[in-house]
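1. 3D model of this:
(2 chains)
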Protein chains: 2
Amino acid sequence: MPTREDAEGLDAADPLREFRDRFVIEDDGVIYLDGNSLGRLPKDTPNRIAHLLEKEWGERLIRAWSEGWMDLPLTIGDTLGQGLLGAEPGQTAIGDSTTVCFYKLASAALAARPGRTEIVTDRDNFPTDRYVLEGLAEQHGLTIRWIEADPAKGPEPDHVAETVNENTALVTFSQVNYRSAYILETKQITALAHDKGALTLWDLCHSAGAIPVTLDDDGVDLAVGCTYKYLNAGPGAPAFLYVSAELQPQLRQPIWGWLGRADPFEMAQGYIPASGIRSMLSGTPPVIALTALNQGVELSIEAGIEAIRTKSIKLTEFAVQIIDQSLQGCGVGSPRDPEQRGSHVALVHENARDLSKRLSDDGVIVDFRTPDVIRLGLSPLTTRYTDVYDGLDRLRTLLRKRP
Amino acid sequence: MPTREDAEGLDAADPLREFRDRFVIEDDGVIYLDGNSLGRLPKDTPNRIAHLLEKEWGERLIRAWSEGWMDLPLTIGDTLGQGLLGAEPGQTAIGDSTTVCFYKLASAALAARPGRTEIVTDRDNFPTDRYVLEGLAEQHGLTIRWIEADPAKGPEPDHVAETVNENTALVTFSQVNYRSAYILETKQITALAHDKGALTLWDLCHSAGAIPVTLDDDGVDLAVGCTYKYLNAGPGAPAFLYVSAELQPQLRQPIWGWLGRADPFEMAQGYIPASGIRSMLSGTPPVIALTALNQGVELSIEAGIEAIRTKSIKLTEFAVQIIDQSLQGCGVGSPRDPEQRGSHVALVHENARDLSKRLSDDGVIVDFRTPDVIRLGLSPLTTRYTDVYDGLDRLRTLLRKRP
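-> Numbering: from 1, shown residues only, chains lettered A, B, ... in the order given. I've put the predicted structure just below:
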C-alpha cells in the first residue's frame, strides 16, 4: 500500500503544485475532498470583485453597462468555450442557474422536435436534471424513457441504442455521473441519438475544468454546466450553456426576456430574438458573479486542461489504490479504468452516511451521496496527494474504532 | 422658479441627508439621475462581500451551505417582504433574474387557470414582461389583450374593467410604469381581476424601495421585482418573487429544480415540491449576489419607506417645478398628482435621444426612453435637491446652445 512518503514524493513532483498557492487555503488541519461540490476561493477573486465594486459599479455606475458588462455573458462564454469545452466562439453563453439553463435548452429542444413524444435519460442522472425533465414531460404530455444503468458506471451506448427511436425528441445525460464519476461515451451516444433524429443535451457539471471536453468535435447539440465546482467560481455561480452554431437558427428558448431580443434598448413592441447565442439570454447579467467566474475560468485555462486531467487521473488512481489495499469494508463505486473516470471517486460503504458525518467532525470534508457513497472530490488545482492520503488515513482510524 | 439656494436649503433640512454618506460617491462632478436603472454602491457592501469571500467561502467552504447560505433566499426574502413590501413572512423569496421570476410566476398563474385563454397587460409595460408574455401566449395558444393607455399615465381601473372577462387567466402590470412613473391602482385593479376569477401578477421593479407597497393588504396574488434599482443591490442582482400564502397550495411553477423540491439532498426519484414559498426556487442560490442584496435591503429598511416616500415626492415635485417654469420645449410626461407618481420624472422633449447623450457627455447621467423621454431617476437615499437643480441647469444650458 502507498505510504505517506509516496504521497509527499508525488506532491513534490506535481507540475501543478504551484497552483495551490493561488487559492485561499487555511492552515487549520481541514482536509478538503469536496471541491467538486464547491471549489476553493482563488486568491485573486476578492481583489477582482473589490475592483468591480469600487471602480466599476461605484464610479462608472450605469455607464459600465456599455463599457463591457453587457457583453460579459458572451465574452466569458467564449473564453470558457474555447479554453475548456472545445467550442468555437459564438456558441457558449453564461446565463442563469444550471437548472434554469437546463430548462431553457431542454424546452427548446422539445419545441424543435414537434410531434416526438419521448425523452431519454437515466435514473442516476443528477436530480435537478431529472426533476426539470419530469416537469417538462408533465407540461407537454411526454414520456420519459428511464435507462437503469449499473450504478457504478452509467448509461452506455448499448442502452441508448436500445432506447432511442423515432419518437425520441431529446437524449440527455450528465457527461460525468455525479456519483460514480463514470464518463459517458459522448460522441458515440450523440451519434446514436442523431441517427434517430433526436437532439442531445449534455450536463457538464462534473466535466468542466476536470476533463477535456470536445463539444464541437463530438457533434453535441446542446450542453449546460455549472462553474462552482472545478471552475472555482463561487457559491451559486451562474451556469453556462452551449448551443451548436448549426442548431442555433432552429432553436427558440422559452423565456423571452429583453436581453435575448434584438436591440433590447429600443424597448420596441414584439419579441424578435437576437441573432446567435445571445438569443439564449433572458434577464440582466449577474455582473458580480460573472466577475468571480471569470477569475476561476482563467485559472483553469492557465493551468491547462491536459495537465489538469493528467493529475486528476493520478489522484484518483492513488485514492483507488489506498481503498483497495487498506480500507476494510470499503469498495470502489467508480470505474477502475481511469479513462472512464472523472475527477472524483465513489467510496462505497454500508455505513457511508454515518461515516461521512464522522469524517466531517474529524476535519475531513467529503460528500455523502445516497444510498452508500462517500464521494471524494479531487480538484487537481488544489488537492494534494497528501490530502488524499491523510483523509483516507483518518477514515481508516474511524473504521478501526467502530464497535 | 426655484433657485440653487432653495435646493441647498432643502438639502440641509433633509431628514435622510446622512444616508448619502453610506454610499460610495465620487467627487467627480458627475450628477447621477439614474439610480432607478442602477442604484449606487453602499459603502458597507464591499466589506460584507469581502467577509463572505474570505471567511465563509474561503474558510468554511461547503460547510457554509448548512450554516446559513441555503436559507438566504427565504431569510432575505422575508426581510424584504416585511420591511418594504407589506408581506408577512413565508411569501417572498429571492430567486433568479426578474425575467426568469416573471416567467415562473406567469406560467404558474396560467397553469392555475386552465381553460382560460387570455392575458391582460398594457402596451407600455416594461419590455421584458411583454416579451415573456408573448412567449407564453405563443407556447400555450393564448391571446394577449393589450390595453393602450395614456403614455403619460398607464392603465386605469376603467381600462381593466373593460378588458377583463371570464376568459382572462392573468392580469399583469408594472405597479409603477417604467417610463411615466404612473402608479397604478393596485388594490382596485386586483379586485377587478378577482371579480372575474383571474389572477394578478404585479411587477414591482420601480416600486420596491421607492414607494410603500402593501401586497397583503392589496390582496395581490403574485409579484416580482428587481433589486438593483432603489434597493442598491448591484448590477444584475437577483430578483424577488412573492406568492400569497393563500395561493401557494394551488400554484406549481414550471422549472422543477432540486432546490424547489422537498428534501433536495436526498436526491430521490420523483419531484415533490417543497412546502410553501420554497417550492418557487429552482437552482442553487447565488450567494455572492445575495450578500450584496442583503446590504442594500437593510439600508432601505433602516431609512424607512415612509421617509423615503416623503423625500421622493419632494424631489419629483422639485424637478417638475423646474421643468414647468424654466425649461423651454420640455414637458412633463409623468402624473402631476404626486400621489400617482413614483420616484422618477419623465421629461418629454422632441430631441430627447440626442439631449440624453449630450447630457451624459456633460456629466449628467440620465436614461433615454423611446421615443421622446429623458428619464430622471431620483433616489431618495442618494439624490440631493442640488443634484436635481444642477442637472436640470446643465440641460437648460444645452437647450440654449441648440441652433
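2. which parts of the stretch 151-300 of chain A sit against chain B?
-> Counting by CB under 8 Å from any CB of the partner chain, the stretch 151-300 of chain A comes close to chain B at A:226, A:228, A:234-239, A:254-261, A:264, A:266-271, A:282-290, A:292. C-betas here are computed from N, CA, C, even on glycine.
3. if we use 6 Å, what do you get?
-> A:234-236, A:255-258, A:267, A:271, A:282-289 (CB under 6 Å from any CB of the partner chain).
4. mind checking which of these land in helices?
-> With DSSP state H as the criterion, helices contain A:V287, A:I288, A:A289 from among these.
5. so what's the first one up against?
-> Okay, so that is A:V287. If you count contacts by CB atoms under 6 Å, 6 or more residues apart in numbering or on different chains, A:V287 has them with A:W69, B:P235, B:G236.
6. on that earlier part again, closest one to A:N36 out of the ones in helices among the residues of the stretch 151-300 of chain A next to chain B, please.
-> A:A289 (19.5 Å; CB to CB).
7. include pLDDT and distance to A:Q82 when you put the ones in helices among the residues of the stretch 151-300 of chain A next to chain B into CSV, please.
-> Formatted as CSV, those follow (pLDDT from 0 to 100; distance: CB to CB, whole Å):
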residue, pLDDT, distance to A:Q82
A:V287, 98, 22
A:I288, 98, 24
A:A289, 98, 21
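8. now the residue of the stretch 201-350 of chain A found nearest chain B: closest residue in space that isn't a chain neighbour?
-> Of all residues in the stretch 201-350 of chain A, A:G283 sits closest to chain B, at 2.6 Å by CB to the nearest CB. Of all residues not flanking A:G283 in the chain, B:S97 sits nearest, at 2.6 Å (CB to CB, 6 or more residues apart in numbering or on different chains).
9. just the buried ones from the residues of the stretch 151-300 of chain A next to chain B, in ChimeraX syntax?
-> To isolate the buried ones among those in ChimeraX, judged by 16 or more other CB atoms under 10 Å in any protein chain shown, type:
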select /A:234,235,236,255,256,257,258,267,271,282,283,284,285,286,287,288,289
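10. run a quick neighbour tally on A:K43.
-> When counting by other CB atoms under 10 Å in any protein chain shown, one arrives at 15 neighbours for A:K43.
11. distance of it from A:E54?
-> From A:K43 over to A:E54 the distance is 18 Å, taken as CB to CB, to the nearest Å.
12. what do you get for A:R252?
-> Following CB to CB, the distance that separates A:R252 from A:E54 is 40 Å.
13. A:I374 too?
-> Counting by CB to CB, the gap from A:I374 to A:E54 is 43 Å.
14. the longest strand along chain A pairs with which strands?
-> Counting by DSSP state E, the longest strand found in chain A is strand A:168-174. Note on strand A:168-174: by DSSP bridges, its sheet partners are strand A:118-122 (parallel), strand A:199-203 (parallel).
15. now these in a markdown table, with distance to B:D367 and mean neighbour count?
-> Formatted as a markdown table, the strands paired with strand A:168-174 follow (distance: least, CB to CB, whole Å; neighbours: other CB atoms under 10 Å in any protein chain shown):
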| stretch | distance to B:D367 | mean neighbour count |
| --- | --- | --- |
| strand A:118-122 | 44 | 24 |
| strand A:199-203 | 38 | 27 |
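16. wait, doesn't A:H344 sit right on A:A181?
-> Yes. When contacts are counted by CB atoms under 6 Å, A:H344 is listed as touching A:A181 (4.8 Å).
17. these two - which one has more neighbours?
-> A:H344 (35 against 29).
18. how much space between that one and A:F23?
-> 18 Å.
19. can you map out the strands along the stretch 201-350 of chain A?
-> Secondary structure of the stretch 201-350 of chain A (DSSP state E, counting those that start in this stretch): strands at A:222-225, A:240-243, A:331-332, A:344-348.
20. ok, which of these comes nearest A:T316?
-> Among the strands of the stretch 201-350 of chain A, if distance is taken as CB to CB, the winner is strand A:344-348, at 5.2 Å.
21. since that was my last question, I'll sign off now.
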